[in-house]
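Q: Any chance you can model this:
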Amino acid sequence: MSKLRVLATLLFTATLFAQTQISVPAPPANPLLVNHKNWFVPKQVWDIQTDPSLSKYRPPNLTYAAYSAVGYSLANTIAIIGPNKEIVIIDTMENVENVQDAIKEFRAKNIFPQGPLPIRAIIYTHNHIDHIGGIRGYLNESKMRPCVQQLSPETGIDTPLNADSLDCVSVIGQDNIVEGVNNTATVIGTIINSRSAYMYGGLIPESWRVTNGIGYAVTEGTSDFVMPSRTFANSLQLTAGGVHMELFYVPSETNDELAVFIPDSQNGGSGTGGLLQSAEVIQGPSFPNLYSLRGTSYRSPATWYKSVDKLRTYNSWCMLPSHGTPLCGGQSIQKLLTNFRDAIQYTHDQSVRLMNQGYTMDQLPERIPMPQYLIDDLSVIETAKGNGVTDPKDYLRFFYGSVPQSVRELYFGYLGWFQADPIALAPTPPQEYSAKIVALIGPDKLLTNANNAMAAGQYQWAAELANLMVTANPKDQTARDIKAAAYMKLAEPPTNPNWRSWYLTAANALKNIFPRETTPAFKGGLTAPGIVDAMPYTDWVSQWSLRLKAETTIANNVDRMLGFYLGPASPNQTGQGYVLHIRRGVAEMISTGSDRAAVGAMSKLWIELDKPSQSALVYADVAGTDYKFPQVLNDLMATAKIKVNGGTNA
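A: Prediction:
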C-alpha cells in the first residue's frame, strides 16, 4: 500500500473508526428530523370526542365516535364506533402484532369491549403493507368471519352496500387493490424488500434511526392479506355499524387509493360538514413522496393534486390522515390541502415547463427549488399536539418525499430514461468506464483529490471520486473507506430520514462499521407468506415465469411442458388448471380454466394439489431457504397430498 493510501485511511476515515467501538454511537442527525418524531411518539389513541385540541370542533348530536391510533406502526389504524357499538376499521397497519398492541390500548380506554369484537367492516385505503398487513389481528378477535371474497363479475360495482345486512365482516377496497398487492407480493417485491431495508433503516442499529418520515418505525411481524369481499370503481355509499359514509376514489400515492367521508347530516348532525379520512392523499407531516426511493411505479403528480382537490370539496371539520396525528378545524384543513396541492402542482408544472425547454433529468433538481412561502404559510395551522411540540411547517418539509427526487421521476414518467444525448445509447459498462478513468487520471491523484474534497467539506464530490475507484475495483478498501466516510457526513444534514438511512446503510456496506449479524434484515415484508398465499391462483402461478434461468434453457434448447391442477381455495370457487410451457428463453403459463382433463390433454406430466398443499409450498418458498421447498414438496408427494400424473421414471 502506498504512503498516500495509508495517510488517506488514517486521516479521512477517522469518523468511521470512532464508530467501530462496541457501543456504536448514533451519528448526528438534523435537529428538525430529531424533533419530527414528536408526531408519532409516544404512541397513543387519539379520541376525537374528548381530546381538548380536537373535540372543540366536533358538532353536537353525532351518533358515532372516531379514534385514530398513531405510532403503533408506520401507518395509523382508525376505528369508527357506530350507535350500536359495532366497529368499522380503516386500515390495519403492517402486521398482526401492531394490531394486538393497538387493541390492547383500545380496550384499556374502554373503546373496545374485552370479549370478541363486533367488527362490521374493514376498509383498506390502499394496497401498501402498512395499511393491509395486520388484518388477521382484527379478524382473530372478531365475532364474525370475513365475508366470502368477491368474485370477478362483481368488480367495480358502485351500487350502495349495506354491510349491516350481512352476517360477516365486509372487507372493502378500491377496484385496483388486488393488482397492487400482487405486484409487490409476487412480481417486484423481492427487490423492493431489499431497497426498503436501506430506505427505512432496517440494516442499521435501532439507535441510529430517528423516524421514518410518515411514522416512527417499520416493525417486523406477521403480515397477511384477506381478499376483499367488495370493491368499487369510483364511489361507494356504505352503511356499516349504523354509520353512513361515502368511500371515493382518489388515485395519488397508489392507483387504488380511496378516502372516506362521514357526513354529519346522515349521522345525527346537521349541515354539510363531516369527518374526512384522507388516506395517503395527504401523507402526514411531510412533502409527499411523489417518488419513493425504494422503487415504485410512476405516481402522476397531475393526478395526485387533482385528488387533493377532491378532498377540498368536502366541508370537513376534522381530518384523520393515515399517517400522523388528526387535524381538526375547517380553516386549518383547507389551508393544508391548498398548500399541499399547490406544492405538487408547482413541482409538476415547473418540471414540465423546463423539460419542454430541453432541460434533462439531471438538470432539473437545481432549477426547481421548493417555494418557501408554501411552507411558511402553514404556521397558522393548529396541530393536535400544539405548535412547538409539532411544527405545522413539517407538512411540506422534506421528511419523506422531496422535490429533487420527484422532478427526476417526473422526467422519467413523461420521457423515459433517455436524456437525448446518444452517448447513452451504448455506453461503456460502468466497471470498464471507471477503470479507464482511474487509469487515465491515476489512482494516487484520485485519492489525493478525494482526500482534499473531504478536508474541504465537499463530501458529495469526495464520494463521487472514490466511487470511480470502487466501481473499477470493488475490493479497493481505501477507496471504500473514503466513500463510506463521505456518506457518514452526507447523512447528517438531511431532514429526509430515507436519505439518511440510505447513506448510513451504504456506509456500513462499504466499511462494516458494525457486525452485520447485530441487525438482521426484516423478514417477510411485502412478500410475506400470508400475503403471497392470499393471492388468486393466476397471480401466484404467473410469476413463475419470472424465475426462468433463460441462459440455461436457451443453451440446452429446452422445450417442455408441465401441467398443474390446483384445487378450489374456497367453497364458492372452482379448481384451476395451468400448463407451463418452457420454450428455450421463455416460460409461457397457459390457463386451462376449471377443466381438469384439459391439463392432462396438453401435458404428458402434470400434478394435482389442493389448497392446503399449495399454501405449504408458498410458505416454504417465501421462507427463502434453499432446502425447505424441495423438502416440503417431497413430503407432500410421499404422503400423496400432491398427485403426479403421467411421466416416466427417466
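Q: Angles on the backbone of residue 591, please.
A: phi -90, psi 130 (degrees, to the nearest 10).
Q: measure the closest residue in space to it that isn't next to it in sequence to residue 143 for me?
A: Excluding the flanking residues, the one nearest residue 591 by C-beta to C-beta, 6 or more residues apart in numbering is residue 578, at 5.7 Å. Every C-beta, even on glycine, is put in place using the N, C-alpha and C of the backbone. Distance, residue 578 to residue 143, using C-beta to C-beta, to the nearest Å: 38 Å.
Q: Ok, residue 181 next?
A: From residue 181 to residue 143 the distance is 26 Å (C-beta to C-beta).
Q: For the two, indicate the residue with more neighbours.
A: It is residue 181, of residue 181 and residue 143, that has more neighbours when counted by other C-beta atoms under 10 Å, with 28 against 14.
Q: Disregarding flanking residues, what is the spatial nearest neighbour of the more buried one?
A: Nearest one to residue 181, counting by C-beta to C-beta, 6+ apart, is residue 127 at 4.6 Å.
Q: mind listing what that neighbour touches?
A: Neighbouring residues of residue 127 by C-beta atoms under 8 Å, 6 or more residues apart in numbering: 173, 176-178, 180-181, 184, 254, 256.
Q: The same query, at a cut-off of 7 Å, please.
A: Counting by C-beta atoms under 7 Å, 6 or more residues apart in numbering, residue 127 touches 177, 180-181, 254, 256.
Q: List only buried entries from the residues you listed.
A: 177, 180-181, 254, 256 (16 or more other C-beta atoms under 10 Å).
Q: quick check, nearest of the residues you listed to residue 600?
A: When the buried ones among the contacts of residue 127 are compared for distance to residue 600 (C-beta to C-beta), residue 181 wins out at 32.2 Å.
Q: the bottom helix or strand of the protein by mean pLDDT?
A: One helix or strand of the chain scores below all others by mean pLDDT, DSSP states H and E: helix 14-19, with a mean of 40.
Q: How far off centre is the following helix or strand past that helix?
A: Sequence order places helix 31-36 as the next helix or strand after helix 14-19, per DSSP states H and E. Centroid separation between helix 31-36 and its chain, computed with C-alpha atoms, centre = their mean, to the nearest Å, is 23 Å.
Q: model confidence over helix 31-36, on average?
A: For helix 31-36, mean pLDDT is 96.
Q: List the buried residues for it?
A: 33, 35-36.
Q: again, but for stretch 609-622
A: Neighbour-count burial for stretch 609-622 [16+ other C-beta under 10 Å]: 609-611, 613-622.
Q: Could you list the residues in contact with it?
A: 527, 529, 532-533, 566-569, 628-629, 632-633, 636, 641-642.
Q: swap in stretch 166-182?
A: 119-124, 126-127, 132, 139, 142, 144-147, 155-156, 161, 163, 225-233, 240, 247, 249, 254-258, 531, 535, 539.
Q: Just the ones of those in helices?
A: Counting by DSSP state H, those place 132, 139, 531, 539 in helices.
Q: least trustworthy position among the residues you listed, going by pLDDT?
A: Comparing the ones in helices among the contacts of stretch 166-182 by pLDDT, residue 539 comes last, at 83.
Q: Work out for me the element the nearest residue to that residue once chain neighbours are set aside sits within.
A: Distances taken as C-beta to C-beta, 6+ apart place residue 182 nearest to residue 539, at 4.4 Å, with adjacent residues excluded. Secondary structure from DSSP H and E places residue 182 in helix 177-182.
Q: now residue 50
A: Going by DSSP H and E, residue 50 is not part of any helix or strand.
Q: Ramachandran coordinates for it?
A: The phi/psi pair for residue 50 (degrees, to the nearest 10) is phi -120, psi -20.
Q: swap in residue 260?
A: Per degrees, to the nearest 10, the backbone of residue 260 is at phi -130, psi 130.
Q: element containing the spatially closest residue to it that is not a sequence neighbour, please.
A: Spatial nearest neighbour of residue 260, excluding adjacent residues (C-beta to C-beta, 6+ apart): residue 277 at 4.1 Å. Using DSSP H and E, residue 277 sits in strand 273-279.
Q: pLDDT averaged over that strand, what's the number?
A: Mean predicted confidence for strand 273-279 is 98.
Q: quick check: angle from the following helix or strand past that strand to strand 273-279?
A: Remark: after strand 273-279, the chain's next helix or strand is helix 301-312, criterion DSSP H and E. If you take axes from the mean of the first three to the mean of the last three C-alpha atoms, to 10 degrees, helix 301-312 sits at 150 degrees to strand 273-279.
Q: can you pull out the strands in the stretch 1-150 of the chain?
A: Shown for the stretch 1-150 of the chain, the strands assigned by DSSP state E, counting those that start in this stretch span residues 44-47, 65-70, 77-81, 87-90, 119-123.
Q: of all those, which lies closest to residue 473?
A: Across those, closest to residue 473 is strand 65-70 (C-beta to C-beta), at 48.0 Å.
Q: Relative to the whole chain's centre, how far out is the closest one?
A: With C-alpha atoms, centre = their mean, you get 22 Å for strand 65-70.
Q: ok, now stretch 604-620?
A: Put simply, stretch 604-620 sits 29 Å off its chain's centre (C-alpha atoms, centre = their mean).
Q: Any stretches of this protein with poor pLDDT?
A: Applying pLDDT under 70 to the chain flags the ranges 1-24, 151-156, 513-525, 623-627, 647-650.
Q: downstream neighbour of the longest helix along it in the secondary structure list?
A: When the chain is scanned for its longest helix (criterion: DSSP H), the result is helix 330-356. Sequence order places helix 372-376 as the next helix or strand after helix 330-356, per DSSP H and E.
Q: for that next one, packing partners?
A: Helix 372-376 sits against helix 330-356, with contacts defined as 3 or more C-beta pairs under 7 Å, 6 or more residues apart in numbering; DSSP states H and E.
Q: Now tabulate the strands of the stretch 1-150 of the chain in CSV and tack on mean neighbour count.
A: Below are the strands of the stretch 1-150 of the chain laid out as CSV (neighbours: other C-beta atoms under 10 Å):
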stretch, mean neighbour count
strand 44-47, 19
strand 65-70, 24
strand 77-81, 25
strand 87-90, 27
strand 119-123, 27
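Q: And these: which comes nearest residue 496?
A: strand 65-70 (20.6 Å).
Q: mind exporting that closest one as PDB, just the C-alpha atoms?
A: The C-alpha trace of strand 65-70 is given here as PDB (Å, rounded to 0.1, in the frame of the first residue of the first chain):
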ATOM      1  CA  ALA A  65     -67.300   8.100  17.700                       C
ATOM      2  CA  ALA A  66     -63.900   8.200  15.900                       C
ATOM      3  CA  TYR A  67     -60.500   7.200  17.100                       C
ATOM      4  CA  SER A  68     -57.000   7.200  15.500                       C
ATOM      5  CA  ALA A  69     -54.200   5.000  16.800                       C
ATOM      6  CA  VAL A  70     -50.900   6.800  16.000                       C
END
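Q: For it, give me every contacting residue.
A: Strand 65-70 is contacted from outside by 40, 43-49, 76-81, 102, 105, 111, 275, 320, 324-326, using C-beta under 7 Å, 6+ apart.
Q: Please identify the pairing partners of that strand and their relative orientation?
A: Take DSSP bridges as the rule and strand 65-70 pairs in its sheet with strand 44-47 (antiparallel), strand 77-81 (antiparallel).
Q: Output those as CSV; include the columns distance to residue 400.
A: Formatted as CSV, the strands paired with strand 65-70 follow (distance: least, C-beta to C-beta, whole Å):
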stretch, distance to residue 400
strand 44-47, 21
strand 77-81, 19
